[in-house]
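**Q** predicted model and sequence follow; I will ask about them next.
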Amino acid sequence: MLFKKVLIAVIISLSTIVILLSGCAKDSQDQKEVPITTNSDDALKSFLNGRDVFEKLKFPQAAELFDQAIAQDKNFAMAYLYRASSGGGYKIARENMSKAVELLDKVSEGEKHLILYNKTLFDNDGVNQKQELDSLLNLFPDDKRVQNLAGVYYYSIQDYPNALNHFKKAVAIDSNFAPSYNTLGYVNVSMENFAAAEESFKKYLELIPDEANPYDSYAELLLTQGRYDESIEQYNKAIQTDPEFVTALVGIGNNYIFKEDYNKARDYYQQYYDKSFNINQKLDALWWKAVSYIHEGNIVDAIKVFDERSKLAFENNFPTAGITGYRFSGWTLADNGNINEAEKYFNKAFDYIKSSEMSDADRKAYEIYVGLDRCYLQTLKKDIKGTEKNLDKLKQIVDKRQESTEIELLNFITGFLQFYKGNNDLALQYFQKIGEGNPYFWYWEA
């Protein structure tokens, strides 16, 4: 599955499980793993089945099982937590996350930290995120899922050596724990250790050969290496293994983008849209369709699709996705010299931030994003003093919050401003703080 940053927040919820029934440990593992609290055998069974499917990245199917577990135990905090990350739209994610937090006084200490860790992700709370993770590591150092969680955290902030270390600890604890071989493969790809990545993905496939995602992950490695026909073959194997694993259609489409067959790429993105199980997947399909037009140099149609995506998002009470669509329309237009139209889209994004029903945490985060977007546009409009004034205010806020995405965008805008002023050495200092995850930033560094 494509290991975009958007997906990391979902995979991070691959937390840690040992079962508590009526407050008592089911097995004698001396609490090596985070316990799970429920009073219902049936709910427990549904949850464990859901977790198993979730760890295979089959989120729509997992969502049904978590809903079932919640129906069987209305106070099942961990079922709400996992449901929050299983798709279905903004409202479902937020409501289930809030319910998990409400039940903090009914769960074990480990579960509390796990729920609060995930809450920091939902709230863009970089200050407390590491603190909650460290608490989990201190309490449960021998829990494979806690180690995997730590690996995903370090992967998300592009600290690949630390990520690699934690993923290796996870498989050392349990050499048959398939999810860590998947994440281990991705961190090796990011470090350009392609032979090690291939070994990890093949081990992942060996452990669960009847599942689709190992073929999907291996296909992405092949795509990264430019082995497009081989990659398409593996994505097709994923779909043949599980016809409901429709996200593999995105991977096939992406291969055709690099083969410069844009119409065929869009055919696969449309298939993905048509076969989608939830609003998250439909929005994802439209995203890739818009990106295909950008690759082709067809900016007019790219903006049309972003507009279609934003409209669908707002109609389905998914304000963050709708606002993101407007933001990317603004950036696309700005980078193609259409400053006035770009400004209209940034203004539309800001208007929706003010008027949409969203959490205070999301509202604050998107105000910062759009504020930084406007600084980029101010720079292009040669309003250097205005940019510097607004950027200084935003920097004070971002420095306090310590949220990685905000820091990354702040560093880029600051670097771009210095580049625009002709201070190339200073611009490079900011660009080089960003990390290695975004080709758009590489372009400006180059």
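**A** Now that the structure is in, tell me what you want to look at.
**Q** tell me where the chain has strands.
**A** Along the chain, counting by DSSP state E, strands occupy 18-21, 24-25, 35-38.
**Q** state the mean pLDDT of the second one.
**A** Regarding strand 24-25, the rounded mean pLDDT is 30.
**Q** now do the phi/psi pair for the residue lying closest to F194 once chain neighbours are set aside.
**A** Closest residue to F194 apart from its sequence neighbours, by CB to CB, 6 or more residues apart in numbering: Q225 at 6.4 Å. (Each C-beta comes from the backbone N, C-alpha and C, glycine too.) Per-residue torsions, Q225: phi -90, psi 0 (degrees, to the nearest 10).
**Q** right, and Q225 touches E192 too?
**A** No. Contact status for Q225 versus E192: not in contact, 10.2 Å apart, counting by CB atoms under 8 Å.
**Q** more neighbours: the two, which one.
**A** Q225 (14 against 11; other CB atoms under 10 Å).
**Q** and that one, how far is that from A195?
**A** Noted for Q225: a distance of 11 Å to A195, by CB to CB, to the nearest Å.
**Q** helices of the stretch 101-250 of the chain, residue ranges please.
**A** Assigned by DSSP state H, counting those that start in this stretch, the stretch 101-250 of the chain shows helices spanning 109-122, 126-139, 144-156, 160-173, 178-190, 194-207, 213-224, 228-241, 248-258.
**Q** just want the angle from the shortest one to helix 213-224.
**A** Counting by axes from the mean of the first three to the mean of the last three CA atoms, to 10 degrees, helix 248-258 points 10 degrees away from the direction of helix 213-224.
**Q** kindly report the same for the second one.
**A** Angle of helix 126-139 versus helix 213-224, following the same axes, to 10 degrees, is 130 degrees.
**Q** do you know how far L121 is from D360?
**A** Taking CB to CB, one finds L121 at 16 Å from D360.
**Q** so these two - more neighbours on which side?
**A** Between L121 and D360, counted using other CB under 10 Å, the more crowded position is L121 (22 against 8).
**Q** Q129 is in contact with that one, correct?
**A** Yes. Shown here, L121 and Q129 form a contact pair, counting by CB under 8 Å, at 6.9 Å.
**Q** show me what contacts D142?
**A** Shown in contact with D142 (CB atoms under 8 Å, 6 or more residues apart in numbering): 32-33, 173.
**Q** again, only using 7 Å
**A** Contact analysis of D142 by CB atoms under 7 Å, 6 or more residues apart in numbering lists 32, 173.
**Q** what about this structure, any weak spots by pLDDT?
**A** Filtered on pLDDT under 70, the chain yields the residue ranges 1-30, 437.
**Q** what's the longest helix in it?
**A** Scanning the chain for the helix with the most residues, using DSSP state H, yields helix 360-380.
**Q** residues touching it, excluding its own?
**A** Under CB under 7 Å, 6+ apart, the answer for helix 360-380 is 122-124, 320, 323, 327, 330, 334, 339, 342-343, 346, 349-350, 353, 386-387, 390-391, 394, 397-398, 406, 409-410, 413, 416-417, 420.
**Q** what's the offset of that helix from the middle of its chain?
**A** Distance of helix 360-380 from its chain centroid, counting by CA atoms, centre = their mean, to the nearest Å, is 20 Å.
**Q** and for D159, the neighbour number?
**A** 14.
**Q** gap between it and K289?
**A** 33 Å.
**Q** over to E315?
**A** E315 is 18 Å from K289, where distance means CB to CB.
**Q** who has more neighbours, those two?
**A** Legend: neighbour count by other CB under 10 Å for E315 and K289, higher for K289 (24 against 10).
**Q** nearest spatial neighbour of that one, skipping sequence neighbours?
**A** Y269 (4.6 Å).
**Q** surely the one you found touches A290?
**A** No. Assessed by CB atoms under 7 Å, Y269 is found out of contact with A290, at 9.4 Å.
**Q** ok, these two, which is more surrounded?
**A** Y269 (27 against 23).
**Q** what's near enough to touch the more buried one?
**A** Y269 touches 250, 253, 285, 288-289, 292, counting by CB under 7 Å, 6+ apart.
**Q** then stretch 224-233 to CSV, C-alphas only?
**A** The C-alpha atoms that make up stretch 224-233 are tabulated as CSV, following Å, rounded to 0.1, in the frame of the first residue of the first chain:
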residue,chain,number,x,y,z
THR,A,224,10.4,3.1,-7.0
GLN,A,225,13.1,1.3,-9.0
GLY,A,226,11.5,2.1,-12.3
ARG,A,227,10.7,-1.6,-13.0
TYR,A,228,7.2,-0.6,-14.2
ASP,A,229,6.0,-3.8,-15.9
GLU,A,230,7.1,-6.0,-13.1
SER,A,231,5.4,-3.6,-10.6
ILE,A,232,2.1,-3.8,-12.6
GLU,A,233,2.3,-7.6,-12.5
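**Q** quick one: contacts of it?
**A** Under CB under 7 Å, 6+ apart, the answer for stretch 224-233 is 189, 194, 219, 222-223, 252, 255, 258-259.
**Q** any of the contacts of helix 360-380 buried? List them.
**A** Buried by 16 or more other CB atoms under 10 Å: 122-124, 320, 323, 327, 330, 334, 342-343, 346, 349-350, 353, 387, 390-391, 394, 398, 406, 409-410, 413, 416-417, out of the contacts of helix 360-380.
**Q** from these, which land in helices?
**A** 122, 320, 323, 327, 330, 334, 342-343, 346, 349-350, 353, 387, 390-391, 394, 398, 406, 409-410, 413, 416-417.
**Q** test my guess that Y117 contacts E132.
**A** Yes. Counting by CB under 7 Å, E132 is a contact partner of Y117 at 3.8 Å.
**Q** before we move on, back to that, out of the helices of the stretch 101-250 of the chain, nearest to K433?
**A** Evaluated over the helices of the stretch 101-250 of the chain, closeness to K433 peaks at helix 126-139, with 15.0 Å, by CB to CB.
**Q** roughly how far apart are the spatially closest residue to K344 that is not a sequence neighbour and L286?
**A** Nearest non-adjacent residue to K344, counting by CB to CB, 6+ apart: G330, 8.0 Å away. Taking CB to CB as the measure, G330 falls 17 Å from L286.
**Q** L312 too?
**A** L312 is 7 Å from L286, by CB to CB.
**Q** next one: K381
**A** 30 Å.
**Q** now render the helices of the stretch 101-250 of the chain as JSON lines, adding distance to I368.
**A** Below are these laid out as JSON lines (distance: least, CB to CB, whole Å):
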{"stretch": "helix 109-122", "distance to I368": "16"}
{"stretch": "helix 126-139", "distance to I368": "12"}
{"stretch": "helix 144-156", "distance to I368": "18"}
{"stretch": "helix 160-173", "distance to I368": "26"}
{"stretch": "helix 178-190", "distance to I368": "26"}
{"stretch": "helix 194-207", "distance to I368": "34"}
{"stretch": "helix 213-224", "distance to I368": "31"}
{"stretch": "helix 228-241", "distance to I368": "36"}
{"stretch": "helix 248-258", "distance to I368": "29"}
